[in-house]
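# how does the following fold in three dimensions:
(chains A and B)
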Amino acid sequence: MAHALQHVAWEPCLIEPRPDRALQAYARRRRGMPSPAIGYFAPVPWLARALVDLHSQYGLLMHLDQNVADLVALVVSQENSCRFCYAAVRALLWAEGMSRARIQHVEQELTRADLPPQAVAAIAFGRSQSRSGPPGARAARDALHRAGVGADEMKEIAFAVASTDFSNRAHTIPAIPARPIEQIPDRLHMRLLRPLIGRILKNHRSRGRATPLDRVPSYPYARLVTAYAGSPIAPALARTLEEMWASPHLTRRCKLLMLAVVARGLACQVCALEVGEALQREGLKEAVLTQVLTHLDAPELDPVERLLVPFARETIWYEPAPMQRRARALRDRLTGPQLLEAIGVAALANGLCRMGAMVLDYP
Amino acid sequence: MMRTVVVGAVLVLLAVLAGALYRQWRRTESLQAQLDAAAAELQDLQEACSRLAPAGVVQRLIADGVKLGTEAVAERKVVTALFADLVGYTALSERLEPTVLARVLNGYFQRMSDAIHEHRGHVSTFLGDGILAYFGALQPNPWQCNDAVRAALAMRAAISKYNVELAREGLPALAVGIGIHRGPGLAGLIGSRERMEYAFVGRTVNLAARVQALTRSHKVDILVTEALRAELDTRFVLTPMPAEAVKGIAEPVVTYAVRERLGSGGA
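Below is the predicted model of the structure:
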């Protein structure tokens, strides 16, 4: 099936998949289907799990219409030129019964006349956040308001966009092969099995249920988690953050520096403040942080930080192939898990900042 | 007999019905193909527009149904402008055959554009042999000053490499003068009803062009203004130049020649 991203250049994959039965079983339990890419992320379990957990299609949304969330994921992946995620959402929509023509019309924005205004506004929000980032959040939020989108629904739209941004970067930077997924709707056996697959996928989809947040976390981005208290998004996000901070491949300071760079690049003031405070608690002097954020380097940084601080900046606005070549250059200077964790941290930072700008910066 | 007639009539009726259905199906297919072709054309057009104006601007025009020439699409921004010009272009153009000149110029523009693009700049326009590029115009970029100067250094390296290729063909070497300034201005779709382009308008662009002209009198290839220097990484090695008056600016302009950048990493 021809699609809008087939012209997007995509480098050979940077990493080798590693079969992991436990992770595969986890994905199957959540989604009803094996995850074709989870093996690539196995060396960094928090990242692999986050790519399953922070998925708006499975039990996290209480207010937003699931079909709208799917369309948001489609257009955000299109905007981010993520061939893998885009093909995955397309295949999912197709398996669940949406015609190819209808999918194409959504991509080409020919559906404005036959979608409710809230859905049109949500899609427009997804596009605008991918293109202009947090500086455009206020206007995007106003547009959602005008379309009659409520506050809870708006937060879930922000989550749908952010989780797609996260997934897009996590799959794009290491150039996870997209071709097998792109070919799914063209394969005869998949076409024959389409009704069955669609049924299984639909059965595993569920609406989110109110979930209490057991405790208020104390790490950076805790405010963002708290903003979703009561929603199943909060514990999913909290778990991802806790595991990310606990993961040993990069130092906590290195992760914070990457988050700080992305927050600055996206002009997310709340995120920048929270991460800046955490860095000071880590013992980083304010002058050094200023130097890092202004010039993406400082003599006080260790060798890994000096590589990853400028790398974090590359992940904010990018074209896939040049970004993938830059990541490839890092591969020779970092261990496999270090590179993968760096990709995960940068991807998560991009998602969190976009979500933070929407949910925290303009209350 | 009667039965045969009825069966025949039913068969004829069925055949007519099948024919009509087939025609309708063909018509639907044809309309679908036309719709797909129109949609593909629209997509191509949108992509082509994205090369002429930032995707966000194109998107806004489409989403808001803005009719060009009826509504202003612009915003105030702080942007870094880089203006580059070939030194001695007039003499060069007189010496070379038009086809050779065009080939040399195309090679020059391609290499300069690549260097700018590599450092997250956006080539706004080619003005004769000049290039006007912006950093931070399309997307927020707090590292725009460092990016612009790194792009200028990459342009310097690219022109040196290109000159080796030109020398091999017995062609004269090229030299480029580059002026960079950072400041506020108006970014948006600007022009007449018949012709519009995404542009950045304001004193910033004029000053970048004037500073570029100063590269001749200061006999250097890259000059930056004081406003830009203040934002630059200290690893860029700069030499202050004497302040000089330029057209349209009341005060003499202080500039710095960019020598090199020490070390690697960073913005």
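
# name the element B:V237 belongs to?
Under DSSP states H and E, the secondary-structure element containing B:V237 is strand B:236-240.

# pull up the pairing partners for that strand, direction included.
Sheet pairing here is set by DSSP bridges, and for strand B:236-240 it gives strand B:255-261 (antiparallel).

# is the residue of chain A found nearest chain B in a helix, a strand, or coil?
The nearest approach of chain A to chain B comes at A:D297, 3.2 Å away (Cβ to the nearest Cβ). All C-beta spots, glycine's among them, are computed from the backbone N, C-alpha and C. Look at A:D297: counting by DSSP: H, G, I helix; E, B strand; the rest coil, its state is coil.

# again, but for the one 4 residues further on
Reduced to three states with three-state DSSP, the structure at A:L301 is coil.

# show me what contacts it?
Listed by Cβ atoms under 8 Å, 6 or more residues apart in numbering or on different chains, the contact partners of A:L301 are A:257, A:292, A:309.

# tabulate those residues (CSV), appending secondary structure and pLDDT.
Below are these laid out as CSV (DSSP: H, G, I helix; E, B strand; the rest coil; pLDDT from 0 to 100):
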residue, secondary structure, pLDDT
A:L257, helix, 96
A:V292, helix, 93
A:V309, helix, 96
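
# restrict those residues to those near chain B?
The subset of the contacts of A:L301 within reach of chain B, counting by Cβ under 8 Å from any Cβ of the partner chain, consists of A:V309.

# who wins for most neighbours among the contacts of A:L301?
Across those, the neighbour count under other Cβ atoms under 10 Å in any protein chain shown reaches its highest value at A:L257, namely 29 neighbours.

# quick check: it touching A:E305?
Yes. Shown here, A:L257 and A:E305 form a contact pair, counting by Cβ atoms under 8 Å, at 5.8 Å.

# need the residues touching each of these two.
Residues touching both A:L257 and A:E305 do not exist when contact is defined as Cβ under 8 Å, 6+ apart.

# just the CA trace of the one helix or strand A:A346 maps to, in CSV.
Take DSSP H and E as the rule and A:A346 turns out to sit in helix A:336-356. As requested, the backbone C-alpha atoms of helix A:336-356 are provided in CSV (Å, rounded to 0.1, in the frame of the first residue of the first chain):
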residue,chain,number,x,y,z
GLY,A,336,25.2,-0.8,23.2
PRO,A,337,23.1,-0.3,26.3
GLN,A,338,24.5,3.2,26.8
LEU,A,339,23.5,4.2,23.2
LEU,A,340,20.0,2.6,23.6
GLU,A,341,19.5,4.3,27.0
ALA,A,342,20.6,7.6,25.5
ILE,A,343,18.0,7.2,22.7
GLY,A,344,15.4,6.3,25.3
VAL,A,345,16.2,9.3,27.5
ALA,A,346,16.2,11.7,24.6
ALA,A,347,13.0,10.3,23.2
LEU,A,348,11.3,10.4,26.6
ALA,A,349,12.5,14.0,27.2
ASN,A,350,10.9,15.1,23.9
GLY,A,351,7.6,13.6,24.9
LEU,A,352,7.6,14.9,28.4
CYS,A,353,8.5,18.4,27.5
ARG,A,354,5.7,18.6,24.9
MET,A,355,3.3,17.2,27.4
GLY,A,356,4.6,19.5,30.2
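
# what residue spans form the domains of the chain?
If you meant another chain, say so; for now it's chain A. Listed by automatic domain parsing, the domain ranges of chain A are A:21-204, A:235-361.

# other chain: chain B
Using automatic domain parsing, the domain ranges for chain B come out as B:1-52, B:68-261.

# rank the ones you listed by pLDDT, which is bottom?
The stretch with the lowest average pLDDT out of the domains of chain B is domain B:1-52, scoring a mean of 78.

# ok, A:E277 - contacts?
Going by Cβ under 8 Å, 6+ apart, the list of residues near A:E277 reads A:P220.

# and it, how far is that from B:R229?
31 Å (Cβ to Cβ, to the nearest Å).

# B:V258 too?
Taking Cβ to Cβ as the measure, B:V258 and B:R229 are separated by 9 Å.

# so what's in contact with those two at the same time?
Listed contacts common to B:V258 and B:R229 are B:L238; contacts here mean Cβ under 8 Å, 6+ apart.

# quick revisit: pretty sure the residue of chain A closest to chain B sits against A:R306.
Yes. If you go by Cβ under 8 Å, A:D297 and A:R306 touch, sitting 6.1 Å apart.

# can you give me the strands in chain A?
With DSSP state E as the criterion, chain A has no strands.

# quick one on the thing from earlier: hey, least reliable of the domains of chain A by pLDDT?
By mean pLDDT, the lowest-scoring of the domains of chain A turns out to be domain A:21-204, with a mean of 84.

# first-to-last residue distance for that domain?
Distances were taken as Cα to Cα, to the nearest Å; on that basis the terminal residues of domain A:21-204 are 20 Å apart.

# get me the contact residues on chain A for chain B.
A:4, A:101, A:104-105, A:108-110, A:124, A:127-128, A:131-133, A:135-136, A:264-267, A:293-297, A:306-307, A:309-310, A:313, A:317, A:322.

# mind giving me the ChimeraX command for buried ones among these?
One line in ChimeraX is enough to select the buried ones among those; burial here means 16 or more other Cβ atoms under 10 Å in any protein chain shown:
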select /A:4,104,105,108,109,110,124,127,128,131,132,133,136,264,265,266,267,293,294,295,296,297,306,307,309,310,313,317
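
# rewinding a little: now the strand holding B:V237: buried residues?
Of all the residues in strand B:236-240, those buried under the rule 16+ other Cβ under 10 Å are B:236, B:238.

# dump that strand to PDB, keeping only the CA atoms.
Once non-C-alpha atoms are left out, strand B:236-240 reads as follows in PDB (Å, rounded to 0.1, in the frame of the first residue of the first chain):
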ATOM      1  CA  PHE B 236      35.400  30.500  18.500                       C
ATOM      2  CA  VAL B 237      38.500  32.400  18.000                       C
ATOM      3  CA  LEU B 238      37.600  36.000  17.000                       C
ATOM      4  CA  THR B 239      39.600  39.100  16.100                       C
ATOM      5  CA  PRO B 240      38.100  42.500  16.700                       C
END
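
# is it correct that B:R210 is in contact with B:I180?
No. With contact taken as Cβ under 8 Å, B:R210 and B:I180 are classed as non-touching, separated by 11.7 Å.

# neighbour count winner among those two?
In this comparison of B:R210 against B:I180, neighbours counted by other Cβ under 10 Å, the higher total goes to B:I180 at 31 against 23.

# confirm for me that that one is in contact with B:V224.
Yes. Contact criterion Cβ under 8 Å: B:I180 and B:V224 qualify, at 4.7 Å.

# remind me what the helix holding A:A346 packs against, helices and strands.
Counting by 3 or more Cβ pairs under 8 Å, 6 or more residues apart in numbering or on different chains; DSSP states H and E, the packing neighbours recorded for helix A:336-356 are helix A:45-53, helix A:151-172, helix A:222-227, helix A:233-246, helix A:252-265, helix A:269-281, helix A:303-314, helix A:320-331.

# check contacts around B:A175.
Shown in contact with B:A175 (Cβ under 8 Å, 6+ apart): B:86-88, B:159, B:221.

# from the residues you listed, which would you call buried?
B:86, B:159, B:221.

# show me those residues that map onto helices.
B:I159 (DSSP state H).

# switch the buried ones among the contacts of B:A175 over to JSON lines; also include distance to A:G198.
Putting the buried ones among the contacts of B:A175 into JSON lines (distance: Cβ to Cβ, whole Å) gives the following:
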{"residue": "B:L86", "distance to A:G198": "61"}
{"residue": "B:I159", "distance to A:G198": "58"}
{"residue": "B:D221", "distance to A:G198": "63"}
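
# and which of the buried ones among the contacts of B:A175 is nearest A:G39?
Closest to A:G39 out of the buried ones among the contacts of B:A175 is B:I159 (46.7 Å), distances taken as Cβ to Cβ.

# and the closest residue to that closest one other than its chain neighbours, how many neighbours?
The shortest distance from B:I159 to any residue that is not its chain neighbour, by Cβ to Cβ, 6 or more residues apart in numbering or on different chains, is 5.4 Å, and that residue is B:V176. For B:V176, the tally of surrounding residues (other Cβ under 10 Å) stands at 24.
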